[in-house]
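**Student:** Dropping a prediction and its sequence here:
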Amino acid sequence: MTSEEEVSVLTFLAFCTAIGVKLTRAQTVIAGIEYDGIEPEELIVPRDRELAREIFGDVDRFPPGVRRVALNLCGARGGKSYVLIALRLVHLALTVPLDGQLGGKKLAPNEIASALIVAPDIPLAMQTYRFAVGAAEHPLIRDRLIGKPTKKSFMLARENGHRVVVECLPASVGGSSLRARNYVGAGFDEFAFFHDGDFKVNDADIFQAVMPRILPGGQGVICSTPWARKGLMYELHRDNWAHPKTLIASTATTVMMNPAKRDEIAMERLRDEENCKREFECVFMDSAGVMFFSHDAIDRSVRDTVAMGLKWPTPFLDGSGKPGPPPGSEIMIGADLGFRRDSSAIVAVYKLHTGEFVVADVLELKPHPGIPLKPSEVIEAFAAFCKKHQASWLMADQHYVDSLSEELAKQGLSVVPAPTGAAGKAESHVHARTILNSQKFRINPQEKRLIQQMRDIVSRPTAGGGITLQVPRTATGGHGDVLSALVLALSQRAGQRAKDLLPEKPITIEEAIKKQTAEVWRRYETKRLDALAEVVEAEHDRGETMAQQLNPFWTNPEDDRNPWG
């Protein structure tokens with residue numbers, strides 16, 4: 001790398017060799033295929049070909065154009081920020097044509113091209129940026145530096161007076177500030193965690209703002225550990241891994257990228273298996289972090305409900321044969337009130353004697369635009385709902401307890417206040433999630449609105465180990481109202497016992513053996529006594545016969561004649 005001509009044609013792998021960076025086998029396979037255009041079928045070493053299948057799926061050749069975006073789902077501490085983003089952006093800053101040689105835009109005089117690093121926050125972006133500074137200060141490149149690198153950017157000189165600035169930005173800046181530029185490349189670090197200052201996910205905004213402005217020969221590089229099964233990172237990986245359509249996608253665990261971390265990861269697996277799967281083994285986790293309720297657990301609850309053969313709206317019969325809570329169940333009812341923008345909702349859950357929680361009934365009353373709900377009508381409907389399920393009380397948010405208690409008392413019903421404050425709300429939701437994850441929760445597949453609200457609720461950590469919960473407001477109205485009612489029902493430590501007694505308590509194996517043994521002895525004793533009675537009766541008959549033969553004066557009790565007459 002002693003001349004501008006040599007720099008402009010240098011492959012990425014040759015660039016790494018030139019600046020003394022030694023790549024692992026997996027890093028070499030990824031970079032060779034994604035950055036230098038090597039096709040998997042061209043790999044000569046069998047181990048490399050097999051590794052390519054693990055990383056990219058069973059693909060022999062990639063369609064033209066998909067390498068414009070390289071998406072890498074990588075385990076943490078595997079070198080993705082350093083090798084796949086920082087070094088690649090420096091390489092692109094030195095090699096992407098800037099005079100329209102590839103049919104693209106020719107930079108205007110004094111126009112500066114950009115190599116962009118974007119991360120969820122500025123400290124993370126600056127960490128990747130510092131890797132790029134280290135590469136640019138290598139003796140073979142530092143003559144290209146214009147001025148001294150600042151905390152967030154440095155500039156490289158190119159042929160014909162062109163310049164490229166390598167800079168870093170946080171994802172919170174949004175997409176609008178990224179449009180008035182021309183990029184030789186863009187590195188999106190920890191792309192699955194992009195959001196703005198209000199925690200609104202903005203991955204699509206940034207991606208769509210940058211990618212159309214990448215010059216021919218440039219590349220967008222997306223790298224991230226997985227997060228939830230939601231968002232652009234998950235969708236792009238799902239749609240392109242092993243069957244590329246719009247981009248080239250890879251999956252590489254930490255051990256693949258950096259085998260030296262094997263023992264460290266084994267220790268982490270013992271400490272926290274769920275975190276290990278996400279951080280190091282590239283498993284999208286839908287129950288952690290963003291999505292509060294596991295989508296897998298929700299789907300399983302619906303499937304298991306179908307398998308149970310429950311048919312709504314009256315899946316259960318009470319002791320008298322009428323629709324209602326079955327014998328031995330507990331009735332738990334939660335209510336969430338809203339009158340103007342939000343719905344009023346009430347949910348009945350039966351806890352069966354088997355320990356299963358079944359959503360038995362749901363009622364949602366929606367206000368119309370400009371026509372709020374009438375409190376009297378809502379309370380009347382809630383009272384009828386409780387009586388239908390043989391319940392004399394419900395749980396509701398404390399904000400409405402006073403007014404609700406007074407009106408429900410007229411109906412012979414009472415209100416139990418829900419846990420208070422953000423901590424109480426979080427605790428109730430966590431308890432509901434525990435029930436869902438226990439595989440004992442059942443929900444009618446027709447309750448699509450409630451199921452969707454369970455899928456939509458998200459959480460994020462707060463200082464001190466707490467969480468905040470957010471439910472998106474839908475275009476059709478409502479703000480997780482049915483879900484709030486369900487959570488209040490499930491958060492009750494004990495429900496109201498149904499009128500009928502519990503079925504016979506299951507007995508242990510020892511008790512069953514004793515019972516069976518006692519039954520055998522009872523039958524044996526019955527047969528023995530019957531046999532003894534037959535013997536006695538036979539002896540009695542034989543005695544009477546002998547007496548008649550020996551005594552001429554024997555009298556038959558049934559004979560009316562007087563033998564002495």
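**Tutor:** Ah, there it is.
**Student:** Strands of the stretch 351-500 of the chain, start to end?
**Tutor:** All strands of the stretch 351-500 of the chain, identified by DSSP state E, counting those that start in this stretch, fall at 357-365, 393-396, 414-417, 441-442, 458-461, 467-470, 496-497.
**Student:** mean pLDDT lowest for which of those strands?
**Tutor:** In terms of average pLDDT, strand 458-461 trails the rest of these, at a mean of 68.
**Student:** thinking again about what came up before, can you say which of the strands of the stretch 351-500 of the chain is nearest to residue 43?
**Tutor:** Distance to residue 43, taken as Cβ to Cβ, is lowest for strand 458-461 among these, at 41.7 Å. C-beta here means a position set from N, CA and C on the backbone, and glycine is covered the same way.
**Student:** wait, residue 329 sits on residue 348?
**Tutor:** No: contact criterion Cβ atoms under 8 Å: residue 329 and residue 348 do not qualify, at 10.8 Å.
**Student:** could you list every residue that touches residue 48?
**Tutor:** By Cβ atoms under 8 Å, 6 or more residues apart in numbering, the contact list for residue 48 reads 25, 28-29.
**Student:** before we move on, what about residue 22?
**Tutor:** Listed by Cβ under 8 Å, 6+ apart, the contact set of residue 22 reads residue 16.
**Student:** repeat for residue 211
**Tutor:** 68-69, 186, 220.
**Student:** Apart from its neighbours in sequence, what residue is nearest residue 404?
**Tutor:** Counting by Cβ to Cβ, 6 or more residues apart in numbering, residue 404 lies nearest to residue 415, which is 5.2 Å off, once chain neighbours are set aside.
**Student:** For beta bridges, what are the partners of that neighbour?
**Tutor:** Beta-bridge pairing of residue 415, defined through DSSP bridges, involves residue 394.
**Student:** Who are the contact partners of it?
**Tutor:** Neighbouring residues of residue 415 by Cβ under 8 Å, 6+ apart: 393-396, 401, 404-405, 408.
**Student:** Quick one: buried ones out of the residues you listed?
**Tutor:** Buried residues within the contacts of residue 415, defined by neighbour count using 16 or more other Cβ atoms under 10 Å: 393-396, 404-405, 408.
**Student:** Nearest to residue 251 among those?
**Tutor:** The shortest approach to residue 251 among the buried ones among the contacts of residue 415 belongs to residue 395, at 45.2 Å (Cβ to Cβ).
**Student:** surely the closest one meets residue 414?
**Tutor:** No: if you go by Cβ under 8 Å, residue 395 and residue 414 don't touch, sitting 10.4 Å apart.
**Student:** any common contacting residues for these two?
**Tutor:** By Cβ under 8 Å, 6+ apart, no residue touches both residue 395 and residue 414.
**Student:** longest single helix anywhere in this structure?
**Tutor:** helix 509-550 (DSSP state H).
**Student:** thinking again about what came up before, the contacts of residue 48 into TSV, with extra columns for pLDDT?
**Tutor:** Converted to TSV, the contacts of residue 48 look like this (pLDDT from 0 to 100):
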residue	pLDDT
25	95
28	96
29	96
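**Student:** Name only those of those residues that count as buried.
**Tutor:** Buried members of the contacts of residue 48, counted by 16+ other Cβ under 10 Å: 28-29.
**Student:** Near residue 124, how many other residues are there?
**Tutor:** 19 (other Cβ atoms under 10 Å).
**Student:** next one: residue 513
**Tutor:** There are 11 residues near residue 513, going by other Cβ under 10 Å.
**Student:** domain ranges for this protein?
**Tutor:** 4-281, 295-497 (automatic domain parsing).
**Student:** looking at these, which one has the lowest mean pLDDT?
**Tutor:** Of all the domains of the chain, domain 295-497 has the smallest average pLDDT, which comes to a mean of 79.
**Student:** for that one, how far is the first residue from the last?
**Tutor:** This stretch, domain 295-497, spans 31 Å end to end (Cα to Cα, to the nearest Å).
**Student:** Please tell me how far that domain is from the chain's geometric centre.
**Tutor:** Computed by Cα atoms, centre = their mean, to the nearest Å, the chain-centroid distance of domain 295-497 equals 21 Å.
**Student:** Mind listing what's buried along the longest strand anywhere in the chain?
**Tutor:** Taking DSSP state E as the criterion, the chain has its longest strand at strand 214-224. By neighbour count on 16+ other Cβ under 10 Å, the buried set for strand 214-224 is 214-215, 217-224.
**Student:** strands paired with it, and their directions?
**Tutor:** strand 69-74 (parallel), strand 183-189 (parallel).
**Student:** which of those sits most buried?
**Tutor:** Across the strands paired with strand 214-224, averaging neighbours per residue (mean count of other Cβ atoms under 10 Å) puts strand 183-189 on top, at a mean of 27.
**Student:** Need the residues that contact the helix or strand following that one.
**Tutor:** Counting by DSSP states H and E, the element after strand 183-189 in chain order, helix or strand, is helix 203-210. Residues outside helix 203-210 that contact it (Cβ under 8 Å, 6+ apart) are 116, 118, 171, 174-176, 178-179, 183, 186, 188, 191-192, 194, 220, 222, 231-233.
**Student:** Filter the residues you listed down to the buried ones.
**Tutor:** Neighbour counting by 16+ other Cβ under 10 Å classes 116, 118, 171, 174-175, 178, 183, 186, 188, 191-192, 194, 220, 222, 231-233 among the contacts of helix 203-210 as buried.
**Student:** May I have stretch 432-441 exported as CSV, CA atoms only?
**Tutor:** Extracted C-alpha coordinates of stretch 432-441, given in CSV (Å, rounded to 0.1, in the frame of the first residue of the first chain):
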residue,chain,number,x,y,z
ALA,A,432,-49.4,-12.7,34.9
ARG,A,433,-46.4,-13.5,32.8
THR,A,434,-45.3,-16.2,35.3
ILE,A,435,-48.7,-17.9,34.9
LEU,A,436,-48.4,-17.6,31.1
ASN,A,437,-44.9,-19.2,31.1
SER,A,438,-46.0,-22.0,33.4
GLN,A,439,-47.9,-23.5,30.5
LYS,A,440,-51.2,-23.5,32.5
PHE,A,441,-52.8,-20.5,30.8
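**Student:** Give the buried residues for it.
**Tutor:** With burial defined by 16+ other Cβ under 10 Å, the residues of stretch 432-441 counted as buried are 432-433, 435-436, 440-441.
**Student:** ok, these vs residue 509, which is closest?
**Tutor:** Distance to residue 509, by Cβ to Cβ, is smallest for residue 440 among these, at 23.8 Å.
**Student:** Including distance to residue 276, could the strands paired with strand 214-224 go into JSON lines?
**Tutor:** Formatted as JSON lines, those follow (distance: least, Cβ to Cβ, whole Å):
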{"stretch": "strand 69-74", "distance to residue 276": "15"}
{"stretch": "strand 183-189", "distance to residue 276": "21"}
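**Student:** TSV please, covering the strands of the stretch 351-500 of the chain and showing distance to residue 323.
**Tutor:** Conversion of those to TSV gives the following (distance: least, Cβ to Cβ, whole Å):
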stretch	distance to residue 323
strand 357-365	9
strand 393-396	19
strand 414-417	24
strand 441-442	17
strand 458-461	36
strand 467-470	34
strand 496-497	17
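**Student:** out of those, which comes closest to residue 122?
**Tutor:** Using Cβ to Cβ, the strands of the stretch 351-500 of the chain put strand 458-461 closest to residue 122, at 18.6 Å.
**Student:** Would you state the strands of the stretch 151-300 of the chain in chain order?
**Tutor:** Counting by DSSP E, counting those that start in this stretch, the stretch 151-300 of the chain has strands at residues 153-157, 163-170, 183-189, 214-224, 248-252.
**Student:** Same list (the ones you listed) but as a markdown table, adding distance to residue 88.
**Tutor:** A markdown table is the format used below for the strands of the stretch 151-300 of the chain (distance: least, Cβ to Cβ, whole Å):
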| stretch | distance to residue 88 |
| --- | --- |
| strand 153-157 | 14 |
| strand 163-170 | 11 |
| strand 183-189 | 7 |
| strand 214-224 | 6 |
| strand 248-252 | 13 |
